[in-house]
Structures are given as structure tokens and as C-alpha cells.
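Chemist: missing the sequence, but the structure's below:
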């Protein structure tokens, strides 16, 4: 059953290259947004820690 669903998804993506391209762009955007937010929050936490220690 799952292989039939997977085959249908593959066929849909192969027949719609514009949709496939947009999907890839959206996934890349979400991935890099996650990395950016994670880096920002990590830097913020390190800054607070340095401020509390007095460095």
C-alpha cells in the first residue's frame, strides 16, 4: 500500500516540475530559517552568560 502511495507522489512530482521546484525552494528556506534562528538564539544565550560572569 505505501509503495503505491509513494509511486503516486513520485509520478505527481515528475509531471509537475514547477511545483517540485517551488517545493524544494520552500524546504530550503525553512531549513536555513531554522539554522538562522538557532544561531541567533545561541548567540543571545552566550551573550547573557558572558554578561552575568562579567567578561
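Modeler: Perfect, thanks for sending it. Keep in mind that what you see is a predicted model, and the values were worked out from it rather than measured.
Chemist: so where's the protein uncertain?
Modeler: 1, 55 (pLDDT under 70).
Chemist: again, 80 this time
Modeler: The model of the chain has pLDDT under 80 over residues 1-2, 54-55.
Chemist: ok now do residue 10, which residues does it touch?
Modeler: Contacts for residue 10 (C-beta atoms under 8 Å, 6 or more residues apart in numbering) come out as none. To be clear about C-beta, it is placed using only N, CA and C from the backbone, and glycine gets the same treatment.
Chemist: so it is in which element?
Modeler: helix 2-15 (DSSP states H and E).
Chemist: cool, residue 28 as well?
Modeler: With DSSP H and E as the test, residue 28 turns up in helix 17-53.
Chemist: Could you check the angle that helix makes with helix 2-15?
Modeler: Counting by axes from the mean of the first three to the mean of the last three C-alpha atoms, to 10 degrees, helix 17-53 lies at 100 degrees to helix 2-15.
Chemist: Show me what helix 17-53 is packed against.
Modeler: Contacts defined by 3 or more C-beta pairs under 8 Å, 6 or more residues apart in numbering; DSSP states H and E place helix 17-53 against helix 2-15.
Chemist: how about the helix it packs on: buried residues?
Modeler: Counting neighbours by 16 or more other C-beta atoms under 10 Å, one finds that helix 2-15 has no buried residues.
Chemist: chain center to that helix, what's the gap?
Modeler: Offset of helix 2-15 from its chain centre (C-alpha atoms, centre = their mean, to the nearest Å): 22 Å.
Chemist: Quick check, central residue of this protein?
Modeler: residue 31 (1.9 Å; C-alpha atoms, centre = their mean).
Chemist: can you tell me how far that one sits from residue 25?
Modeler: 11 Å (C-beta to C-beta, to the nearest Å).
Chemist: same deal with residue 7?
Modeler: Separation of residue 7 from residue 25 (C-beta to C-beta) stands at 24 Å.
Chemist: Next: residue 50.
Modeler: Using C-beta to C-beta, residue 50 is found at 37 Å from residue 25.
Chemist: same question, residue 17
Modeler: According to C-beta to C-beta, residue 17 and residue 25 sit 13 Å apart.
Chemist: Quickly list what's touching both of those two.
Modeler: With C-beta under 8 Å, 6+ apart, residue 17 and residue 25 have no common neighbours.
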